[in-house]
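>>> mind looking at a prediction? Sequence and model below.
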Amino acid sequence: MWRSAGTRHREARSVEAKVADLRRIAGSLRSLIDQCESRQPTVECPILDALKGDA
């Protein structure tokens, strides 16, 4: 399928934006993992709290 240069550029920007979003999510997840590792096993997991909206 032929796509114009403008369309290809828009698609590339869209992919780049998604990659940036995934990098932000990965950073947040790394931070939550660090919080989990520093807690006692009986304390609730901050990852689950964040997913529930409690964080």
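Nice, I can see it. Numbers count the residues shown, from 1 in each chain.
>>> do a quick rundown of the helices in the chain.
In order along the chain, the chain carries the following helices (DSSP state H): 5-37, 46-52.
>>> could you save the ones you listed as TSV and add columns showing mean pLDDT and mean neighbour count?
(Each C-beta comes from the backbone N, C-alpha and C, glycine too.) Formatted as TSV, those follow (pLDDT from 0 to 100; neighbours: other C-beta atoms under 10 Å):
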stretch	mean pLDDT	mean neighbour count
helix 5-37	91	11
helix 46-52	77	13
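>>> how far away is residue 21 from residue 15?
Distance of residue 21 to residue 15, given as C-beta to C-beta, to the nearest Å: 11 Å.
>>> center of the protein, which residue is that?
When the chain is reduced to its mean C-alpha position, the nearest residue by C-alpha atoms, centre = their mean turns out to be residue 25, at 1.6 Å.
>>> show me what contacts that one?
Applying C-beta atoms under 8 Å, 6 or more residues apart in numbering to residue 25 gives no contacts.
>>> how far away is it from residue 14?
When residue 25 is compared with residue 14 (using C-beta to C-beta), they lie 17 Å apart.
>>> and for residue 29?
On the measure of C-beta to C-beta, residue 29 and residue 14 end up 23 Å apart.
>>> and if you look at residue 52?
With C-beta to C-beta as the criterion, residue 52 and residue 14 are 30 Å apart.
>>> what does residue 4 give?
Computed with C-beta to C-beta, the distance linking residue 4 and residue 14 is 15 Å.
>>> for residue 5, same thing?
15 Å.
>>> repeat that for residue 48.
As judged by C-beta to C-beta, residue 48 and residue 14 stand 31 Å apart.
>>> do the same with residue 6
Note on residue 6: its distance to residue 14, by C-beta to C-beta, is 13 Å.
>>> and for residue 28?
Spatial separation of residue 28 from residue 14 under the definition C-beta to C-beta is 21 Å.
>>> could you do residue 20 as well?
The span separating residue 20 from residue 14 equals 11 Å under the rule C-beta to C-beta.
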